[in-house]
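1. 3D model of this:
(chains A, B, C, D, E and F)
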Number of protein chains: 4
Amino acid sequence: MQVLKDEMKKNILRSALREFNRLGYRDASMRQIADTAGITPGNIYRYFASKEKMLHELLQPTYEQFVGYMLEIKQDLEDVSAMEPDNSLAFLHKIQSTIVRLFNQSSLELSVLMNKSEGSPYENVKQELTTVTYSILEKAFHTFQNGTARLQDEENQSAHMIASTIVEGMCIILREYEDGDTIERLVDELVRIYFTGIGDRINRS
Amino acid sequence: MQVLKDEMKKNILRSALREFNRLGYRDASMRQIADTAGITPGNIYRYFASKEKMLHELLQPTYEQFVGYMLEIKQDLEDVSAMEPDNSLAFLHKIQSTIVRLFNQSSLELSVLMNKSEGSPYENVKQELTTVTYSILEKAFHTFQNGTARLQDEENQSAHMIASTIVEGMCIILREYEDGDTIERLVDELVRIYFTGIGDRINRS
Amino acid sequence: MQVLKDEMKKNILRSALREFNRLGYRDASMRQIADTAGITPGNIYRYFASKEKMLHELLQPTYEQFVGYMLEIKQDLEDVSAMEPDNSLAFLHKIQSTIVRLFNQSSLELSVLMNKSEGSPYENVKQELTTVTYSILEKAFHTFQNGTARLQDEENQSAHMIASTIVEGMCIILREYEDGDTIERLVDELVRIYFTGIGDRINRS
Amino acid sequence: MQVLKDEMKKNILRSALREFNRLGYRDASMRQIADTAGITPGNIYRYFASKEKMLHELLQPTYEQFVGYMLEIKQDLEDVSAMEPDNSLAFLHKIQSTIVRLFNQSSLELSVLMNKSEGSPYENVKQELTTVTYSILEKAFHTFQNGTARLQDEENQSAHMIASTIVEGMCIILREYEDGDTIERLVDELVRIYFTGIGDRINRS
DNA sequence: TATGAATGAGGGTTCATTCAT
DNA sequence: TATGAATGAACCCTCATTCAT
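-> Now for the predicted structure:
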C-alpha cells in the first residue's frame, strides 16, 4: 500500500477538520478536503461512507463525552432545590470544566462541534449547552427572587441572553486560542467576569 | 423610470435581507431571493451585477456608518491619555450605543453585517469592532496596571478575550431578538455585567 | 423563452421514455437524456425535481389506471366462488384487455412500467399483474380439481409458471410491436393459445 | 502454478456467477465479486482483463454449446421439407431439450446468458434462440397452410410472437426456479401448453 | 425593461480499472 | 503473485449567472 491505511484516514480527518473549521460542515467540499489531503475525491470514500459519516467519526467521541458531562450536570441540578450564589457559580464551573476538559482532549473537534456543524445532525449541540446553562441561571435567579415576585419575562430574557453569551464566549475562546492552559485561564476568567465583573481589574482604588 | 428602478431595487434588497438573515450570505439562493421579491432570477442582474454586489449595496450604508462611529471612538480614544474606570465604561457605552444606534436605523442589515456575512468581503467586520473594543480595554488595563508592571501577554489575551466575547455577545443579542427596546436593554445589561458581574442579581443579602 | 416550456417538458419526457426503454430506469443517465433532448443536464431540473420524479410523471397516469383495472379484476374475482372454464378464460381476457387498453393509451410508458422500472418504486408492477393472474389460475385449477385432491405444490408451481409466462408474454408483445391493432391481435392470440394450444393452427387434418 | 491459477479463476468465476445472477451483468460490482471470492479487486485483473472478458470466460463454454445445439437444429430443419404436426412438436422439444440439457450442465451460466447479460455482448443471445424457434414455427405454419394461401404477414407476426413468448417463458423458468427436475417439468409443461392449451387442466368434463 | 430557459461549474458519490508496493 | 490504495470518469443534482426573446 502506498500509505498506511490508518495514516491516510488520519490524514483525511485532519484535512476535514481543517476545512470544516474553515467553512463549516455544509460549505466544506469533499473535493477540497481531498485536495488538502493530497488525494482524489473518490478515494475518500474508501475511508468514509459519506461526508456525514466522516463528520460523525470526527465528532462522535467528543460528542459522547459532551452528552455524558451534560447528563451529570442536569442530574446534579435536579438534586438542588434552593440554589445559593456559590452554588450557581459552582454549576457554571461545571459547564466551564466540561468545555475545558473536552478541549484538552480534542480542541478542533470541539470547535467544529460547537461552531461549525450547521447542516449536520450536530447542529444543535451548542443550543444544548446553552439550555443547560440557562437552567442553572433560571434556578439561581428564581431562588433569590422568590420572595419578591415571580420570575418575569424580562428576567427570563436576561437569563437567556446571559446563557447564550457566556456559552458563545466559551466557544470563541475555543475558536481563537490553541493552547490548553490559555483556554483554561480565559474560560475561567470569563465565568468569573460574569459573576463579579471586570471592575476589580480596572478599579484598584 | 429612475423611481421605478429604485423601488424595484429596494424590493429586491428587502428580499435579500430576509434570505441573508435566514440562511446567511453563502447559503442564500438568488432564485429564492427573486421568488420572494416576486421577480425572475435573471432580472435581479439588471439591478445588481452579482450576489456580492447586491450584498454590498445592502450593507454599505450601515457599514459606512459603522466605520464612521468606529473612527470617532478611535479618535476619542487617542485623546485620552490616562483612562479612569468610569471612562472605560463610558467608552464601552460608546460601543454599545453604536450597536444600538445602528440597530435602530437598520436592524436586519446590522445583523447580516455582523452575523450572516460569512463568505463575503464583510465577514471580518465583527473583527473590526472587536479590535476597537480591545483598544479600549487595553488602554484601561494599561493605565491601571501601569504602576505595577508592564502590560503582560496574559493581560493582552484577557483583554482580547473580553473584547471578543462582549462583541459576540452583542451580536448574539442582535441575532436572537427583534424588538428594539429588548435589544437595547439586553446590550446594556451585558455591558453592565462585564463591569460588575451578575452578582447583584443573585446575591441580595 | 427559447422554447415553449411545455414543449420542452414533452421533449424531455420523450427522450427519457426512449432512454428508459433502452437501458432501464436505473441505467439510463440524465446526461444522455439531456443530450437526446438537446439540452444540458442541469436544465432538466427546471422541469423535474429528480430522476425519480421524472419517471413518476411519466408513469403515474398509466400506473393509476393499471391499479384501477387490477382492483376491478380482484373484486370480480372475489365474487366468484366456483370458476367455470369459460369464466377463467373470461378473467384472463380481463387481464388481456387491461394490457391492451393501457397500451393503446400509452404504449411506451406501459413498456417502461412493466419492463424497465428496476431500481424505481414501480419495479414490482409486473409482479402485481402476475399475482392477479395467478389468483385467477389458482381459482380455476382449484375449482376443477376440488373433487380429486388438494391443490398440490406442483399445481401451484405450474399456475405460477403459467401466470409468469403469460404476463411476460404480453410484455414482450408490448416491447416488440408498436401498432395497436397488432398488439391487440397478438395478445388475444397468446391468451387463446394458453387455453387451446396452437394445435388448431398447425393441425388441420 | 497453473493449477493454482485455475483454482483461483474458478473461484472468481463462481462469485461472478452469483453476482451476475443477483444483479445482472451491468449492475454487478467488481468489488463485490472480489469480496465474495475472498480476494482483492485488483487481483481479479490478474485473471481477467476486464469485467467483459470475465463474463466472456464465464459464458463462452455454455454459449458455444448453445450455438452448437442451435446449429444442429437448424441443419435438421433444413433437411425437413414438409413438416408434420408431430414433427414441429418434435422440433420444439429439441429447443426444450437444448435448454434443459444446458441447464443441467450449467444452470446459472445459462440463466445469466439468457436473462442477466444486458449491457454485454451476450445481451442478444435470447434473440438467437427466438430466431431458431421462429424458423421451426414458420416452417410448420408454412407447410400446413401451403395449400390455402401464401404465408401472410399476420402469420409471420404470430409465429414471431409465439417464438418470443415461448423462449421468454423458458427463460423465466430458468430465472425463477433452481431445481433441475422442476425446471424440466415446467419447461415441458410450457411447451405442451403451447401445443394443446391448458384446457385439459381446467376442463375435465 | 423583463422574462425564465439555459448554461456550466461545482456539489456529493460510485465504480471499473490501474499501479506502487 | 497479490494487495488494496488510488485514480478518473461518470453518476445525480444545485445554483449563480447569462442570454435569446
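2. per-residue pLDDT of residue A:136, please?
-> At residue A:136, the model reports a pLDDT of 87.
3. the nearest residue to it once chain neighbours are set aside: how many residues sit nearby?
-> Of all residues not flanking residue A:136 in the chain, residue A:91 sits nearest, at 4.5 Å (CB to CB, 6 or more residues apart in numbering or on different chains). C-betas here are computed from N, CA, C, even on glycine. When neighbours are counted by other CB atoms under 10 Å in any protein chain shown, residue A:91 registers 22.
4. gap between residue A:91 and residue A:64?
-> 22 Å (CB to CB, to the nearest Å).
5. do the same with residue A:175
-> Distance from residue A:175 to residue A:64, by CB to CB: 22 Å.
6. one step back: pretty sure the residue nearest to residue A:136 sits against residue A:74.
-> No: here residue A:91 lies out of contact with residue A:74, judged by CB atoms under 8 Å, at a distance of 10.5 Å.
7. which segments of chain A make up each domain?
-> Residue ranges for the domains of chain A, per automatic domain parsing: A:1-48, A:59-202.
8. ranking these by burial, who's on top?
-> Ranked by mean neighbour count under mean count of other CB atoms under 10 Å in any protein chain shown, the domains of chain A are led by domain A:59-202, which reaches a mean of 18.
9. hmm, it touching DNA strand F?
-> No: using CB under 7 Å from any atom of the strand, domain A:59-202 stays clear of DNA strand F, coming no nearer than 11.3 Å.
10. is DNA strand E within reach of that domain?
-> No: shown here: domain A:59-202 not in contact with DNA strand E (CB under 7 Å from any atom of the strand), separated by at least 10.1 Å.
11. gap between that domain and the chain center?
-> 9 Å (CA atoms, centre = their mean, to the nearest Å).
12. most proximal residue of chain A with respect to chain D?
-> residue A:46 (10.3 Å; CB to the nearest CB).
13. how about the secondary structure of the residue lying closest to residue A:139 once chain neighbours are set aside?
-> Counting by CB to CB, 6+ apart, residue A:139 lies nearest to residue A:83, which is 4.9 Å off, once chain neighbours are set aside. The local conformation at residue A:83, judged by DSSP: H, G, I helix; E, B strand; the rest coil, is coil.
14. return the distance of residue A:83 relative to residue A:162.
-> Distance from residue A:83 to residue A:162, by CB to CB: 15 Å.
15. same thing with residue A:112?
-> 25 Å.
16. kindly report the same for residue A:176.
-> 21 Å.
17. what's the answer for residue A:107, then?
-> As judged by CB to CB, residue A:107 and residue A:162 stand 25 Å apart.
18. same question for residue A:106.
-> For residue A:106, the distance to residue A:162 - CB to CB - is 27 Å.
19. picking up where we left off before, I'd say the residue nearest to residue A:139 and residue A:140 touch.
-> Yes: in this structure, residue A:83 is within contact of residue A:140 by CB under 8 Å, at 4.9 Å.
20. please enumerate the helices of chain A.
-> A:5-27, A:30-37, A:41-44, A:51-79, A:85-105, A:107-115, A:125-144, A:153-176, A:180-196, A:199-202 (DSSP state H).
21. nearest to residue B:116, of these?
-> With distances scored as CB to CB, the stretch of the helices of chain A nearest to residue B:116 is helix A:5-27 (12.6 Å).
22. anything in the closest one near DNA strand F?
-> Yes: under the criterion of CB under 7 Å from any atom of the strand, DNA strand F is reached by helix A:5-27 at A:5, A:8.
23. close to chain B, is that helix?
-> Yes: counting by CB under 8 Å from any CB of the partner chain, chain B has neighbours in helix A:5-27: A:23, A:24, A:26, A:27.
24. tell me who's in contact with the nearest residue to the third one once chain neighbours are set aside.
-> Setting aside the residues directly before and after it, residue A:26 is nearest to residue A:119 in space (CB to CB, 6+ apart), at 3.3 Å. For residue A:119, the contacting residues are A:24, A:25, A:26, taking CB atoms under 8 Å, 6 or more residues apart in numbering or on different chains as the criterion.
25. what is the mean pLDDT for stretch A:25-39?
-> Mean predicted lDDT for stretch A:25-39 stands at 95.
26. ok now that stretch, how far from the chain's centre?
-> Centre-to-centre, stretch A:25-39 and its host chain are 24 Å apart (CA atoms, centre = their mean).
27. number of nearby residues for residue A:53?
-> 13.
28. follow-up on the earlier one: right, and the helices of chain A - which one's nearest residue D:13?
-> Comparing the helices of chain A by CB to CB, helix A:41-44 comes nearest, at 27.6 Å.
29. and the residue of chain A closest to DNA strand F?
-> residue A:42 (2.2 Å; CB to the nearest atom of the strand).
30. excluding chain neighbours, what is closest to residue A:72?
-> Residue A:72's closest residue in space is residue A:94 (CB to CB, 6+ apart), at 7.7 Å.
31. so that neighbour makes contact with residue A:76?
-> Yes: counting by CB under 8 Å, residue A:76 is a contact partner of residue A:94 at 7.3 Å.
32. show me the contacts for the closest residue to residue A:48 other than its chain neighbours.
-> The shortest distance from residue A:48 to any non-neighbouring residue, by CB to CB, 6+ apart, is to residue A:54 (3.9 Å). Residues near residue A:54 by CB under 8 Å, 6+ apart: A:12, A:13, A:16, A:44, A:47, A:48.
33. could you measure from the residue lying closest to the fourth one once chain neighbours are set aside over to DNA strand E?
-> Taking CB to CB, 6+ apart as the measure, residue A:44 lies nearest to residue A:34, with 5.5 Å between them; neighbours along the chain are not counted. Note on residue A:34: its distance to DNA strand E, by CB to the nearest atom of the strand, to the nearest Å, is 8 Å.
34. ok, now residue A:137?
-> Using CB to the nearest atom of the strand, residue A:137 is found at 38 Å from DNA strand E.
35. distance of residue A:109 from residue A:179?
-> 17 Å.
36. distance of the residue of chain A closest to DNA strand F from chain B?
-> To chain B, residue A:42 is 26 Å away according to CB to the nearest CB, to the nearest Å.
37. now swap in residue A:156 and tell me
-> 11 Å.
38. over to residue A:154?
-> For residue A:154, the distance to chain B - CB to the nearest CB - is 8 Å.
39. what's the pLDDT at the nearest residue to that residue once chain neighbours are set aside?
-> Nearest non-adjacent residue to residue A:154, counting by CB to CB, 6+ apart: residue B:185, 7.5 Å away. Note on residue B:185: pLDDT of 92.
40. find the residue at the geometric middle of chain A.
-> Residue closest to the average C-alpha location in chain A (CA atoms, centre = their mean): residue A:114, at 4.4 Å.
41. dump the residue contacts of it.
-> A:125, A:126, A:129, A:171, A:174.
42. quick one, what contacts the fourth one?
-> Same thing as residue A:171. A:111, A:114, A:115, A:126.
43. now residue A:120: phi and psi?
-> Dihedral pair for residue A:120: phi -120, psi 170, per degrees, to the nearest 10.
44. now do it against chain C, distance only.
-> Distance from residue A:120 to chain C, by CB to the nearest CB: 23 Å.
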